[in-house]
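# Sequence and computational prediction follow.
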Amino acid sequence: MTKFFDKPFTPKVQKDIFIPPQVNTYKESLGQHKQAYNHITRAYIENIHKIQTFLNQNPRSTNTKNPHEDYITQHLQGYNKLIAQPGINSNLVGTCYYYGLLNTVYTATRDEIATIPELHKAFMHYKRITKGTLFYIKFYSAPAEILYDEIKPIIQVVKIGLTREMIIPDKIEK
């Protein structure tokens with residue numbers, strides 16, 4: 001009975017698999033499939049590089065001697081974010097806002113956020129229902145995702161509140 005279930009062993013000969021020789025390197029193959037950024041993404045990258053370089057090289061404003069005016073920067077991992085104090089140029093605030101490089105804006109007169117219409121409108125609504133002299137606007141932002149042919153926009157959450165004094169981080173280079 002056991003002979004019915006026994007199979008004789010017959011070895012099979014494996015066919016040789018042909019592997020072509022490597023004629024180019026991995027680096028060269030990456031270069032062949034490399035995509036180029038279009039002009040919009042290249043301009044965006046150049047502009048954000050200029051702004052980050054400016055903020056990294058100038059951690060404090062050189063236009064004023066008063067430490068509570070114009071701007072300072074907060075050092076993060078690899079780049080700085082702007083902390084806008086009263087008297088800052090609103091164009092710098094607007095530019096940093098659109099690139100996601102704003103940390104906090106301190107304002108009493110709303111002139112600092114004049115170049116950001118949607119934020120200006122929200123701030124005026126908040127100021128109408130509260131009484132105070134110094135306001136802060138805190139920004140929590142995720143940077144833009146830069147792809148080869150498009151830019152996925154930044155995501156920002158804004159918190160508006162009252163403060164008695166400006167909160168300055170400890171590690172600010174002079």
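Cool, got the structure.

# Please count neighbours and contacts with C-alpha atoms only from this point.
Will do.

# residue ranges of the strands in this protein, please?
71-75, 80-84, 102-107, 135-142, 145-146, 151-152, 155-162 (DSSP state E).

# ok, N103 - contacts?
Contact analysis of N103 by CA atoms under 8 Å, 6 or more residues apart in numbering lists Q74, K81, L82, I83, K138, F139, Y140.

# which one of the strands of the chain has the lowest average pLDDT?
Note on those: lowest mean pLDDT is at strand 71-75, with a mean of 70.

# Show me what it is in contact with.
In contact with strand 71-75 (CA under 8 Å, 6+ apart) are residues 55-56, 59-61, 80-85, 88, 103, 169, 171-172.

# hmm, back to that, I'd like to know which of the contacts of N103 are buried.
Q74, K81, L82, I83, K138, F139 (16 or more other CA atoms under 10 Å).

# what sits against the third one?
To tie it back to what came earlier, the one meant is L82. L55, Y71, I72, T73, Q74, V93, C96, L101, L102, N103, T104.

# try 6 Å
Shown in contact with L82 (CA atoms under 6 Å, 6 or more residues apart in numbering): T73, L102, N103.

# Quickly list what the first one is bridged to.
Each beta-bridge partner of T73 is listed here, defined by DSSP bridges: L82.

# Roughly how far does it sit from L92?
12 Å (CA to CA, to the nearest Å).
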